[in-house]
Every structure is written in C-alpha cells, then in structure tokens.
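Enquirer: With the sequence up front, the predicted model follows.
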Amino acid sequence: ATVRDSLLNVCMDAKHHKTAPGPEGQLHGQCTPWKDNACCTANTSVQAHQDQSYLYNFNWDHCGIMPEKCKRHFIQDTCLYECSPNLGPWIKPADSSWRKERILHVPLCLEDCEEWWEDCQNAVTCKVNWHKGWNWTTGINQCPRGTSCQKFRYVFPTPADLCQQIWSHSYRYTAYRRGSGRCIQMWFNPSQGNPNVAVARYYAQANAAVAAAPAGSPLSHLLALLPPALLARL
Ligand SMILES: Nc1nc(=O)c2nc(CNc3ccc(C(=O)N[C@@H](CCC(=O)O)C(=O)O)cc3)cnc2[nH]1
C-alpha cells in the first residue's frame with residue numbers, strides 16, 4: 001500500500017506548486033473546483049486567469065488575440081496543472097531549469113481533448129510545442145524566426161496532436177469518457193466531489209503491481225507490457 005499511497009494526494013515539485021495539497025478557501029474562477037484540496041495557492045489561481053501572468057510570462061496571444069472560447073481551455077489546463085493533487089501516478093523527473101518534476105502521459109478524457117481542439121481550431125499559433133524554443137528576448141515569448149502563424153487546425157491536425165504535443169506529452173489522448181474513472185478530467189463539477197481522486201487511485205494501483213516486481217527481473221519486463229486495466233486487477 002505504501003508504493004501506491006505515495007502516488008496519491010501529492011503535489012509535483014515544480015515552479016509554483018505547494019509542497020503538499022490542502023484546502024484553499026478561496027480559489028479563483030475556473031480553479032474553484034479544486035478549493036477543497038489543491039496544490040495551488042489562491043494567488044496562483046488568480047494568475048492562472050491572467051494574460052502574461054507572472055507564472056511563466058507566457059503570452060497566449062503570440063499570434064494575435066486568442067478567442068475567449070479557446071482561452072478558457074488554456075485557463076482550465078493551467079488550473080489542472082497547478083492545482084490538481086491527483087496527478088501523482090504521472091509525475092516524473094523533469095530535465096529542465098525551471099522545475100524538478102513534470103507530468104507525463106496523463107490520460108486526458110476524450111471530451112476534454114476534443115472540446116479543447118474544437119474551440120481552438122481557429123485560434124492561431126506558430127509552434128507545436130509551447131514549452132521550448134520561443135524567442136524570449138523581450139521577456140515574453142514571441143514566435144521564433146523561421147516560423148509563421150497558422151490556425152490551430154493546421155498546426156495540430158487532430159485533437160490528439162493538440163493535447164499531446166502542446167505541453168511535451170503532459171497528456172496522453174485516450175478514448176475514455178468523462179465519468180469512466182479511467183481518465184483525468186480537466187473540467188468537472190465539484191458538487192459530486194473530484195472525479196480524478198478515483199482515477200489516480202486506479203492508476204496508482206496499476207503502478208504498484210509493476211513496482212512490486214524485482215527491478216530488472218523477467219516479471220518486471222512482462223508487467224511493463226500490460227495495460228493498466230489488467231495491472232489494476234493484480
Ligand atoms: N498540462 C500542462 N503541462 C505542462 O507541463 C505545463 N507547463 C506549463 C509551463 N509553460 C512554460 C512554457 C515555456 C517555458 C519556457 O521558459 N521555455 C523556454 C525553455 C526553458 C527551459 O526549458 O529551460 C523556451 O525555450 O521557450 C516555461 C514554461 C504551463 N501549462 C502546462 N500544462
């Protein structure tokens with residue numbers, strides 16, 4: 001149970017995260033679903049809604065104003081990334097100067113990815129990976145030389161391209177639906193609690209089976225090939 005529990009109810013060691021999750025009486029706007037148990041402070045939740053916030057000095061409008069219906073998905077992504085205490089099974093060491101840990105391959109619910117892409121297809125950008133390679137000479141990210149601004153639907157031909165590539169594979173595109181218990185929801189109504197708690201528990205269970213096998217053993221190699229759905233039953 002210890003392997004599993006260490007993946008549950010935790011915050012990644014990144015730029016703005018709290019060291020441990022806990023209640024935040026007053027989270028702002030779209031981050032309020034996390035107020036009962038959050039890795040973000042109230043201040044971070046306010047910044048998550050700001051253009052060019054101090055969080056990363058990141059400019060959503062680098063190719064002209066991002067439409068509001070698109071921006072709300074980026075705000076929601078920021079809230080999940082900064083506030084969620086349920087991303088433990090996907091926290092990995094990060095190879096970067098600005099954070100020690102990152103998330104990798106979080107299974108995002110189908111609807112969250114598809115709606116993000118739908119609402120952003122006419123927004124414009126010049127880069128596939130928004131983590132790296134910007135021109136920061138002014139202190140705000142600008143399109144690097146040699147790139148051009150194009151609609152999202154050309155830069156990211158499919159929803160999977162958007163969700164997986166924009167943040168260096170933070171997310172994995174899945175066919176799992178909201179409410180399935182098999183995918184992480186960026187959007188949820190907190191009146192019935194946070195659905196991602198059970199999802200983290202499910203995948204932590206799968207990871208624990210892999211962790212229980214001796215490292216480098218034939219068993220561990222075999223387990224590494226099995227889908228979580230099977231592992232969770234071991
Ligand atoms: N889901 C999700 N996953 C994330 O990892 C994530 N990360 C951010 C943080 N975004 C950014 C974007 C650019 C830079 C940046 O400074 N890029 C530099 C390279 C810095 C380095 O790697 O040392 C650049 O070259 O553009 C930092 C943080 C915001 N939302 C996220 N949302």
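Expert: Noted; the coordinates are in hand.

Enquirer: Can you give me the distance of the nearest residue to L87 once chain neighbours are set aside to G64?
Expert: For L87, the nearest residue in space outside its immediate sequence neighbours is I103; the separation is 5.1 Å by CB to CB, 6 or more residues apart in numbering. For glycine as for every other residue, the C-beta is placed from the backbone atoms N, C-alpha and C. In this structure, I103 lies at 29 Å from G64, with CB to CB, to the nearest Å as the measure.

Enquirer: Who has more neighbours out of the two?
Expert: Applying other CB atoms under 10 Å to I103 and G64 shows that I103 carries more neighbours, namely 23 against 10.

Enquirer: For the more buried one, give me the backbone phi and psi.
Expert: Backbone dihedrals for I103, given as degrees, to the nearest 10, come out at phi -110, psi 140.

Enquirer: who touches it in this structure?
Expert: With contacts defined as CB atoms under 8 Å, 6 or more residues apart in numbering, I103 is in contact with 12, 81, 87, 90-92, 170.

Enquirer: Go back to these and keep what's next to the ligand.
Expert: Among the contacts of I103, the ones lying near the ligand by CB under 6 Å from any ligand atom are 81, 170.

Enquirer: Which of the contacts of I103 ranks first by neighbour count?
Expert: L87 (26 neighbours).

Enquirer: I184 is in contact with that one, correct?
Expert: Yes: shown here, L87 and I184 form a contact pair, counting by CB atoms under 8 Å, at 7.3 Å.

Enquirer: What parts of the protein come near the ligand?
Expert: Taking CB under 6 Å from any ligand atom as the test, the list of the chain residues beside the ligand reads 56, 58, 77-78, 81, 96-98, 102-103, 130-134, 167, 170.

Enquirer: Restricted to strands, list the residues you listed.
Expert: 102-103 (DSSP state E).

Enquirer: And the residue nearest the centre of the chain?
Expert: Most central in the chain under CA atoms, centre = their mean is Y81, positioned 4.7 Å from the mean C-alpha point.

Enquirer: Test my guess that it contacts S170.
Expert: Yes: the pair Y81 / S170 is scored as a contact, 7.3 Å apart, by CB under 8 Å.

Enquirer: Show me what the helix or strand of the chain with the lowest mean pLDDT is in contact with.
Expert: Taking mean pLDDT, DSSP states H and E as the measure, the chain has helix 2-5 as its least confident helix or strand, at a mean of 75. Applying CB under 8 Å, 6+ apart, the set of residues contacting helix 2-5 from outside is 201, 204-205, 207-208, 211-212.

Enquirer: Buried subset of those as a PyMOL selection?
Expert: Once 16 or more other CB atoms under 10 Å is used to decide burial, the buried members of the contacts of helix 2-5 can be selected in PyMOL as follows:
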select buried, resi 201+204+205+207+208+211
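
Enquirer: And the nearest residue to L108 once chain neighbours are set aside, how far from H105?
Expert: Using CB to CB, 6+ apart and skipping residues adjacent in sequence, the residue nearest L108 is Y171, 4.3 Å away. Spatial separation of Y171 from H105 under the definition CB to CB is 7 Å.

Enquirer: Cool, thanks, signing off.
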